[in-house]
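pasted the sequence and its predicted model underneath.
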Amino acid sequence: MRRRRAKLRTATPDSKFNDAMAGKFINSLMQDGQKYTAEKIFYTALQKIEEKTKKQGIEVFRTAMENIKPTMEVKARRIGGATYQVPSPVRPSRKMALAIRWIISAAREKKGLPMADKLAEEFMLASEEKGNAFKKKEDTHKMAQANKVFAHFKW
């Protein structure tokens, strides 16, 4: 057991838009410590969004993130030899982490395009409430809805 609660660290905002959510997204996108490459991919994706939609890329990104953040999720609880999927609300920090994870994994699953194009496409679809990342959120909500009868196991 811990002696005291771990201190929460604040995410450093990105250099171009001074947005903490964008900074966190870039850090999650980064592989093998190559932050410059991750930044280049992210900013190129936002540029491509601006070219295609004639909207601000960062605004499309923020809308996409808001649309993908889940409000409910299921957690496995073991009670009397049986495992139940118990629905529970999602903490704000976890909402953002899940949304970032789902968008990045949905973009990485697509084949045949550069990462910036895949990311731009996923942002645009998510802002319109479509795409694989949004489908993942909907599936999570449906699962929580279906297991509502086990909500009394939450503690």
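Received it, and whenever you're ready, just let me know what you need. Residues are numbered from 1 along each chain as shown.

so, low pLDDT: which residues of the protein?
154-155 (pLDDT under 70).

so where do the strands sit in this structure?
Assigned by DSSP state E, the strands in the chain fall at 72-79, 82-89.

give the pairing partners of the last one; include direction for each.
According to DSSP bridges, strand 82-89 has the following sheet partners: strand 72-79 (antiparallel).

buried set for the strand it pairs with?
The neighbour-count check on strand 72-79 (16 or more other C-beta atoms under 10 Å) flags Met72, Glu73, Val74 as buried. Heads up, the C-betas are built off the backbone N, CA and C, glycines and all.

the second one touches Pro87, doesn't it?
Spelled out, that is Glu73. Yes - Glu73 lies in contact with Pro87 (C-beta atoms under 8 Å); the separation is 7.3 Å.

so what's the residue nearest to the spatial centre of the chain up against?
In the chain, the centroid-proximal residue (C-alpha atoms, centre = their mean) is Ala99; its distance is 1.4 Å. Counting by C-beta atoms under 8 Å, 6 or more residues apart in numbering, Ala99 makes contact with Met65, Ile68, Lys69, Pro70, Ala133, Lys137.

ditto for Ala120
Applying C-beta under 8 Å, 6+ apart, the residues contacting Ala120 are Thr44, Ala45, Leu46, Lys48, Ile49, Lys52.

TSV for those, including neighbour count and distance to Thr10?
Output for those, formatted as TSV (neighbours: other C-beta atoms under 10 Å; distance: C-beta to C-beta, whole Å):
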residue	neighbour count	distance to Thr10
Thr44	17	26
Ala45	25	24
Leu46	23	23
Lys48	19	29
Ile49	24	27
Lys52	13	33
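
just the ones of those residues in helices?
Residues of the contacts of Ala120 located in helices (DSSP state H): Thr44, Ala45, Leu46, Lys48, Ile49, Lys52.

of these, which pair is most distant in space?
The largest separation in those, counting by C-beta to C-beta, is between Thr44 and Lys52 at 12.6 Å.
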